[in-house]
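Chemist: After the sequence you'll find the predicted model.
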Amino acid sequence: MTYAVPGVAAPIISNLELEIHRGETLVLLGESGCGKTTTLKLINRLLLPTAGAVLVEGRDTREWNAIELRRRTGYVIQEAGLFPHFTVERNVALVPALEGWGAARTSERVAEMLKLVGLRPEKFAGRLPRELSGGQRQRVGVARALAADPPLLVLDEPFGALDPLTRAALQQEFSALQKRLGKTVVFVTHDVREALLVATRIGLMHAGRLVLLDTPQNFLRSDEPRALAYRETLRLPEETAAALAQTLDARGDGV
Amino acid sequence: MNFFQFAARNWREILALAGEHLALVVKAMAIAVAVGLPTGIWLTRRTALKRPVLALAGVLQTVPSLALFGFLIPLSFIGGIGTRSAIVALVIYSLLPIIRNTVTGIEGVDRSVREAAVAMGMTDWQVLWQVELPLASPVILAGVRVATVISVGVATIAAAIGAGGLGTYIFRGLRQYDNNLILAGAIPAALLALAADAGLGLLESRLDVNKRRAGARGRGDARVRRAFWATLALVVALGLAFAVWRGGARRADVVVGSKDFTESVILGEVLAQTLEARGLRVERQFELGGNLPQDSLVAGKIDAYPEYTGTSLMAILKHPPSTDAHAVYEQVKREYAERFDVEVGPPLGFEDTFAILVRGDDARRLNLHTVSDAIPHAREWRAGFGQDFMSRADGYEGFAHAYDLRFAARPREMDLSLSYRALAGKEVDIIAGNSTDGMIATLNLVQLADDRHYFPPYEAVMLFRRQTLARLPVAREALQRLAGAITTEEMRELNYEVDGKKRAVADVVREWRERKGL
Ligand SMILES: Nc1ncnc2c1ncn2[C@@H]1O[C@H](COP(=O)(O)OP(=O)(O)OP(=O)(O)O)[C@@H](O)[C@H]1O
Ligand SMILES: [Mg+2]
């Protein structure tokens, strides 16, 4: 699949071939500007490929009803993308409201989601996005994506603006949750640790191409130069890296 | 009488006019929003049309308001005289700020927020209603606010086409050199503009997500916003319903117009009351400026108005001056019937023309009756003439020639009302006034007869649409009843009651009719 913008010389995504399995967490890893966000937008039909096709549940996104596809896809937008004129509560309740859930069910669900991302509903539900910190806003973005219980989740750097402690807690929380819910997840990040922690498979992107697609343990063992470069950033001695790979082997394929 | 005394005495009328003014603006704004808001939204979806449409709205806004009113008079559905044209004009002036701000407001919504809305699976409609319009509402409201302030101003000019409102006072004050009247129109209009500006400004800042005071909870604000849209929708709906209802309302039997000076209004009222006495329902469209009375009559927006034969002959039919009153009347009557299907009623009994005036005691002492009688004395006299008399084709130049008059010095050119005072105060000895001016009697002046028939005849007559007369035989009867009914002296007195004593036209006319037993 290829995505190009008319008038821009190089395609933003070129010949990307990628199959995402039901229930897996696929992490797209890559440096800034390599096309991660663009790939996500191609999945929920915010963009249509200029060549090739994107299939969701076996159906070409061109054939999907755009509204239905988007409501079935929980999307955590990079930088949260909250509605500035809606309260936290209304932001989270958005898709349930669009789907016509009842008021009682919706507000119960909102409270549940806010608790899940570590925001006390009594304190935060009535606030406006501008009355939140960047990290809190991101968590509201995650709560919003999960609210309508979509089978497919696409997360664009969901924990990007968090402090290391909250970040680690949420990563744990996410892994645990994912084990329970078994949703199909596409997770974008440029943080290798995060990738290794949450991924069933890691897709490494560079300049609009997929350069590697494999399990976290094979990612650690790979000698693909860019994978090596990422591993460098972890600053692990070789033997520790090998040991970590084995630990991951022992944990099995699923997270 | 100072302004405050005037205001205290007339506060009811001031309030009524302010009410009319406000009604005019509210109705116009309702229509302008109903048209401008969807147009603005539509332009954000059809970006190719944005420039041409905004350019067109911009051009419309530069048309001077009086010219715009002029264009609207002859149009059938949207035009005419009275409130409808005024509202259409106000709408035209309001469209640009409303459309432009709607476009700017919606396009100013953060791209990422719009994209998030789409990504969440909102339909186009939901993106518009739940995201774009709420976030754009402060900017849109700012446009409505600008349009409202413009409309309050332009609405004062709408009085020229009989739409009422505070402009009625301003125009009347300008005509009568009465500052109290001007202020009584201008001050409430300014207050109205300020109040609209402040009120809408307050609402605007309440709607702005970024300007709200800290601690305001979101729920309440969502409620304010929802209340705002609901109120706006209600005002628009009511305004539209009212405009349509008024538009469809059955007209009175006869619409009587008048020109925009006191005597014409008095004559219009005379006709109106005479018709009403015969059981007809009459609508008054008085104080029409410029060519509006003639245009409105021909277009059928009014059925009748008082006119002067000389004006008809020269200004409307464009014939050269003629001095035979009877011939002029017959010619005007014939041509109006042929060209405009308008009946020229019988002369009312007086002329409103230039009147050569001298002091009463001079006239008695020197036994002066005609202008010719005055020729021998003119060499020792100083003359004072108004600008109009000095410059017109049927004015001073030809007059001096016709009577071979020479004065002690070249006539002094002065304001018409000042020339009366100058004559009474013996600063000048002869002036050219108006034959029906109330001041002639008050200042004890005498009019010298135009024995050489230099001045064209300006006999007062009623013009009436022939179709209306055919439909209403009693109207013809009323027209006949007014033949020769008003003498020059009576007209002077009526004018003086209104201009000099500041009494209401309707009362003055009613008393006169009772005295005459009409
Ligand atoms: N509408 C567009 N027109 C032209 N180029 C675009 C457009 N949108 C994105 N790009 C370019 O496409 C490339 C990929 O963008 P994308 O947003 O997918 O990057 P990313 O991998 O998500 O980066 P980051 O980690 O910084 O979010 C970038 O180089 C960007 O400049
Ligand atoms: Mg990105």
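Modeler: Perfect, thanks for sending it. Ligands and ions are numbered 1, 2, ... in the order given.

Chemist: Walking through the stretch 1-150 of chain A, point out its strands one by one.
Modeler: A:25-30, A:55-56, A:59-60, A:73-76 (DSSP state E, counting those that start in this stretch).

Chemist: Doesn't residue B:397 lie inside a helix?
Modeler: Yes. Using DSSP: H, G, I helix; E, B strand; the rest coil, the secondary structure at residue B:397 is a helix.

Chemist: Most proximal residue of chain B with respect to ligand 2?
Modeler: Closest contact between chain B and ligand 2, by Cβ to the ion, is at residue B:112 (11.6 Å). Any C-beta I mention is one placed from the backbone N, CA and C, and that applies to glycine too.

Chemist: For ligand 2, what is the nearest residue in the stretch 1-150 of chain A?
Modeler: residue A:37 (3.1 Å).

Chemist: quick one: the residue of chain B closest to ligand 2 from residue A:82, how far?
Modeler: To residue A:82, residue B:112 is 10 Å away according to Cβ to Cβ, to the nearest Å.

Chemist: Counting neighbours, go ahead and name the busier of these two.
Modeler: Each of residue B:112 and residue A:82 has its neighbours counted (other Cβ atoms under 10 Å in any protein chain shown); residue A:82 has more, 26 against 15.

Chemist: leaving aside the residues next to it on the chain, what's closest to that one?
Modeler: Spatial nearest neighbour of residue A:82, excluding adjacent residues (Cβ to Cβ, 6 or more residues apart in numbering or on different chains): residue A:129 at 4.2 Å.

Chemist: Contact partners for that neighbour?
Modeler: A:80, A:82, A:83, A:84, A:86, A:88, A:91, A:137, A:140 (Cβ atoms under 8 Å, 6 or more residues apart in numbering or on different chains).

Chemist: got any ranges where the stretch 1-150 of chain B has weak pLDDT?
Modeler: B:1, B:74-81 (pLDDT under 70).

Chemist: Chain A contacts on that one?
Modeler: With Cβ under 8 Å from any Cβ of the partner chain as the criterion, the stretch 1-150 of chain B meets chain A at residues B:110, B:112-113, B:115-123, B:126, B:130-131, B:134-135.

Chemist: swap the cut-off to 7 Å and go again
Modeler: B:112-113, B:115-116, B:118-123, B:126, B:131, B:134-135 (Cβ under 7 Å from any Cβ of the partner chain).

Chemist: Put together CSV for those, with secondary structure on each row.
Modeler: CSV is the format used below for these (three-state DSSP):
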residue, secondary structure
B:112, helix
B:113, helix
B:115, helix
B:116, helix
B:118, helix
B:119, helix
B:120, coil
B:121, coil
B:122, coil
B:123, coil
B:126, helix
B:131, helix
B:134, helix
B:135, helix
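
Chemist: Report the buried members of these.
Modeler: Buried members of the residues of the stretch 1-150 of chain B next to chain A, counted by 16 or more other Cβ atoms under 10 Å in any protein chain shown: B:113, B:116, B:118, B:119, B:120, B:121, B:122, B:126, B:131, B:134, B:135.

Chemist: Which members of those additionally contact ligand 1?
Modeler: Checked against ligand 1 using Cβ under 6 Å from any ligand atom, these give no members in range.

Chemist: and the closest residue to residue A:167 other than its chain neighbours, how far is that from residue A:4?
Modeler: Spatially, and ignoring its direct neighbours in sequence, residue A:167 is nearest to residue A:159 (4.9 Å; Cβ to Cβ, 6+ apart). For residue A:159, the distance to residue A:4 equals 31 Å [Cβ to Cβ].

Chemist: next one: residue B:118
Modeler: For residue B:118 relative to residue A:4 (Cβ to Cβ), the value is 21 Å.

Chemist: all helices of the stretch 151-300 of chain B, in order?
Modeler: When assigned using DSSP state H, counting those that start in this stretch, the helices of the stretch 151-300 of chain B occupy the ranges B:167-175, B:179-207, B:218-248, B:262-276, B:292-299.

Chemist: could I get the ones you listed as JSON lines with mean pLDDT and mean neighbour count?
Modeler: What follows is these, written out as JSON lines (pLDDT from 0 to 100; neighbours: other Cβ atoms under 10 Å in any protein chain shown):
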{"stretch": "helix B:167-175", "mean pLDDT": "79", "mean neighbour count": "21"}
{"stretch": "helix B:179-207", "mean pLDDT": "87", "mean neighbour count": "17"}
{"stretch": "helix B:218-248", "mean pLDDT": "68", "mean neighbour count": "14"}
{"stretch": "helix B:262-276", "mean pLDDT": "94", "mean neighbour count": "24"}
{"stretch": "helix B:292-299", "mean pLDDT": "84", "mean neighbour count": "22"}
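
Chemist: Compare those helices and give me the one nearest ligand 1.
Modeler: Nearest of the helices of the stretch 151-300 of chain B to ligand 1, taken as Cβ to the nearest ligand atom: helix B:218-248 at 29.4 Å.

Chemist: And stretch B:328-344, what's buried?
Modeler: Within stretch B:328-344, the residues that count as buried by 16+ other Cβ under 10 Å are B:328, B:329, B:331, B:332, B:333, B:335, B:336, B:340, B:342, B:343, B:344.

Chemist: Go through those residues and name the one nearest residue B:429.
Modeler: residue B:328 (31.3 Å; Cβ to Cβ).

Chemist: For the helix or strand hosting the closest one, output the C-alpha coordinates as PDB.
Modeler: Using DSSP states H and E, the element containing residue B:328 is helix B:325-340. What follows is helix B:325-340, C-alpha atoms only, in PDB (Å, rounded to 0.1, in the frame of the first residue of the first chain):
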ATOM      1  CA  ALA B 325     -52.400  78.700 -14.000                       C
ATOM      2  CA  HIS B 326     -55.400  77.200 -15.700                       C
ATOM      3  CA  ALA B 327     -53.400  76.000 -18.700                       C
ATOM      4  CA  VAL B 328     -50.800  74.500 -16.500                       C
ATOM      5  CA  TYR B 329     -53.400  72.600 -14.500                       C
ATOM      6  CA  GLU B 330     -55.100  71.300 -17.600                       C
ATOM      7  CA  GLN B 331     -51.800  70.200 -19.200                       C
ATOM      8  CA  VAL B 332     -50.700  68.400 -16.000                       C
ATOM      9  CA  LYS B 333     -54.000  66.700 -15.600                       C
ATOM     10  CA  ARG B 334     -54.000  65.400 -19.100                       C
ATOM     11  CA  GLU B 335     -50.500  64.200 -19.100                       C
ATOM     12  CA  TYR B 336     -50.700  62.500 -15.700                       C
ATOM     13  CA  ALA B 337     -53.700  60.600 -16.900                       C
ATOM     14  CA  GLU B 338     -52.000  59.500 -20.000                       C
ATOM     15  CA  ARG B 339     -48.500  58.800 -18.700                       C
ATOM     16  CA  PHE B 340     -49.100  57.600 -15.100                       C
END
